[in-house]
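1. Sequence plus predicted model, see below.
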Amino acid sequence: MIATSPDGQWAVIRRGRELSLLAGGAGPATAQVELPSDDADLAIVGPPSVVVAVTRGEPGPRMMLYQPPSLEAVARLDLDTALRIAAITGPRVVLVSPDGKTVIIVRIAGRALSTQIIDPQSPVEFAVGLDRNQVLFGLLRKLEAWDAVSARPLLRMQLALPPPPRVIGAAQGHVWAMQAGGDSIVVSRLSDGRPFHHPLGVSIDEVIAHPASPLLVLVTPRGLIRLHCFAHSVTVIDAPWQPGTSLAQLVVGDDIRLLGVAPGQDSEPWRVPIGGSGVPAIQVETAAEPATGKPRTPRDRTGQDGTERAAGTAPVERPDRGQRPELGRCPEPGQRPEPAARIDPGQRPEPATRIDPGQRPEPAARIDPGQRPEPAARIDPGQRPEPAARIDPGQRPERPERLSIAGARPVAVPAPPPPAPRPTRSREWREPLAVYGAELARGGDAELPVVAAESKLGQLVQRLELPAGAHRALIALYSLYLIGDPAVAIARLARALGDWTEPLGQGELEQLAMLRRRNGKVALRGAVTDLLDGASPRSIRMVGDAAAVARPGAARMPRDGRSDAAIEHELAIQFGRIAVIEGATAPGLLEARLHGATAVALAPPTTRPLPWPRDAGLVVVTGAAEPTWVTALPVVTAA
């Protein structure tokens with residue numbers, strides 16, 4: 001069994017109980033370790049990369065984390081039942097029991113583990129990891145995409161899947177599916193759900209995929225076949241493959257290599273480029289076939305309606321525009337042929353005759369009262385039937401072609417919306433919260449909205465690693481703030497959340513000093529709402545742009561005659577991003593914690609700031625005189 005890291009830096013191979021780590025997928029092994037059982041699943045998540053091993057059997061089911069490059073065991077999680085790795089999305093691993101009734105999402109952060117049990121309300125047939133911390137669950141008669149951060153369903157999906165038993169996985173922007181032991185595979189595009197059917201004529205034993213790779217490697221009795229999900233081309237791979245070889249894709253940007261290890265303890269891994277700049281020219285053996293009842297992609301570019309007529313006649317209709325001139329002549333039966341004749345060399349003298357004095361009376365005659373009935377004749381009912389003929393059923397088949405080739409107007413009209421979400425993204429995720437807050441303020445029962453992970457609120461939840469209960473409470477309180485009713489009764493909030501922990505100040509939000517509780521009501525502090533609103537902090541000034549290094553607790557740093565700028569520079573090098581407190585100390589400390597930075601007080605506060613957010617860091621710069629509470633702090637020296 002082989003597993004590779006998301007960045008292609010590491011590959012891990014399991015032979016029985018022995019686990020070997022390879023740098024870049026090439027031997028020799030940099031480290032080896034023995035697993036407690038040979039019944040195990042492997043994966044590498046990151047960054048930073050960490051090897052995940054889920055074992056079953058004696059001495060009991062467990063999850064172990066091994067840190068490259070030494071494969072040191074850094075964390076262990078004992079499981080109540082035997083579970084398997086069903087999906088991976090970002091730093092999260094989805095574990096599912098054999099009966100599909102137990103589902104656990106494990107978040108991995110370096111050397112730490114956190115678990116969350118979810119209830120999909122149905123046994124899980126399969127789970128597929130998608131982008132943006134989402135998981136696709138195959139449930140009873142439905143497909144649901146879940147947000148792995150909030151552990152809540154986002155939407156229902158419609159994909160063309162073969163009947164069970166089936167094997168399903170993910171590639172870059174696609175979901176592939178095949179019936180176990182079948183001779184064809186269906187690749188569905190996630191952007192619109194459109195399926196593409198690829199019959200091979202030979203049974204498929206295994207599919208080797210990678211979430212960052214658009215290539216699928218199909219293992220067949222006759223050899224290895226490469227399927228490109230975007231180009232829908234099927235090619236043969238020339239590799240030293242033999243039955244029983246363990247395979248995996250090693251993806252480094254656009255360069256993709258197929259990594260293989262033959263059975264045997266002494267076998268060396270081999271690598272074959274299958275994507276990127278180093279791939280040799282390969283001969284296409286089989287073109288991509290369309291999904292059942294649908295045209296293949298090249299024909300779809302010609303005929304937009306996707307019907308059999310468009311697929312069959314499109315190659316003729318694209319160069320031949322025989323119908324278009326008729327549409328141009330329909331509005332005026334007598335006058336429009338003349339402009340067409342002007343382009344003809346034999347008719348070019350006619351524009352000259354119009355300028356000739358003999359012809360000038362004709363334009364005058366049009367303005368003359370005697371000629372005015374002629375313009376009336378254009379609007380006369382005698383002319384109206386001809387525009388009506390465009391809408392006539394005989395002309396309707398041509399009208400979509402006019403829109404697709406004159407094109408740009410009807411087709412370009414939808415084009416402006418893609419840039420539009422950028423300025424309205426904040427409005428898009430806040431509007432459902434405002435609706436929910438209004439319903440909650442009225443005392444009604446409304447379903448808690450799901451907030452996207454890339455929103456301000458979603459980013460804060462990930463940065464603080466809030467559990468599901470605190471996440472739900474944060475959504476509810478910010479929703480009430482958006483409608484101008486920030487303080488809510490504890491009982492009402494507990495009823496909406498179905499839990500009293502956060503409203504009573506016994507949960508994560510209170511430990512992080514994010515709540516203000518007064519007179520039986522609870523609300524978010526101003527530092528929290530300012531951050532979620534996208535406003536600048538009021539009490540701190542951010543310094544540095546490097547990755548923040550967490551340093552919980554308080555410490556002091558002697559000034560030793562250095563200027564404020566020199567101290568800020570030294571601390572920014574040591575802690576990455578720092579937050580220099582320029583206002584009240586307690587709000588500044590909270591703002592620094594919310595932004596994930598270490599707070600710095602250039603002047604010692606007279607008293608210890610309260611409340612103190614959990615895991616908040618503060619460095620107090622001391623001078624000649626300092627308060628007693630600062631004197632007892634440990635000394636930190638800048639690097």
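-> Thanks, I have the structure now.
2. got a pLDDT number for residue 454?
-> pLDDT recorded at residue 454 is 82.
3. which residues does it contact?
-> Residue 454 makes contact with residue 132 under the criterion Cβ atoms under 8 Å, 6 or more residues apart in numbering. In this view, the C-beta of every residue, glycine as well, is placed from N, C-alpha and C.
4. Provide the secondary structure category for it.
-> coil (DSSP: H, G, I helix; E, B strand; the rest coil).
5. Also residue 470?
-> helix.
6. Please name the nearest non-neighbouring residue to it.
-> Among residues not flanking residue 470 along the chain, residue 508 sits closest, at 3.9 Å (Cβ to Cβ, 6 or more residues apart in numbering).
7. Let me see the ranges of the strands in the stretch 51-200 of the chain.
-> For the stretch 51-200 of the chain, applying DSSP state E, counting those that start in this stretch gives strands covering 62-67, 72-78, 84-89, 92-96, 103-109, 112-118, 126-130, 134-139, 142-147, 152-157, 166-171, 174-179, 184-189, 195-199.
8. For residue 500, see how far away the closest residue to residue 468 other than its chain neighbours is.
-> Using Cβ to Cβ, 6+ apart and skipping the chain neighbours, the partner closest in space to residue 468 is residue 151 (5.4 Å). Distance, residue 151 to residue 500, by Cβ to Cβ, to the nearest Å: 20 Å.
9. Who has more neighbours out of those two?
-> Between residue 151 and residue 500, counted using other Cβ atoms under 10 Å, the more crowded position is residue 151 (19 against 14).
10. And for residue 76, the neighbour number?
-> Neighbours of residue 76 under the rule other Cβ under 10 Å: 11.
11. which residue packs closest to it, ignoring adjacent ones?
-> The shortest distance from residue 76 to any non-neighbouring residue, by Cβ to Cβ, 6+ apart, is to residue 64 (5.4 Å).
12. Please name the bridge partners of the one you found.
-> For residue 64, the beta-bridge partners are residue 53, residue 76 (DSSP bridges).
13. from what I can see it touches residue 75, true?
-> Yes: assessed by Cβ atoms under 8 Å, residue 64 is found in contact with residue 75 at 7.4 Å.
14. Report the separation between the residue nearest to residue 636 when sequence neighbours are not counted and residue 457.
-> Spatially, and ignoring its direct neighbours in sequence, residue 636 is nearest to residue 555 (4.0 Å; Cβ to Cβ, 6+ apart). Separation of residue 555 from residue 457 (Cβ to Cβ) stands at 31 Å.
15. who's more crowded, those two?
-> Taking other Cβ under 10 Å, residue 555 and residue 457 do not tie; residue 457 has more neighbours (20 against 16).
16. Next, that one: secondary structure please.
-> Per three-state DSSP, residue 457 ends up helix.
17. got a list of what it touches?
-> Contacts of residue 457 (Cβ under 8 Å, 6+ apart): 429, 451, 474-475, 478, 532.
18. and the residue nearest to residue 468, what is it in contact with?
-> Neighbour list for residue 151: 105, 116, 118, 468 [criterion: Cβ under 8 Å, 6+ apart].
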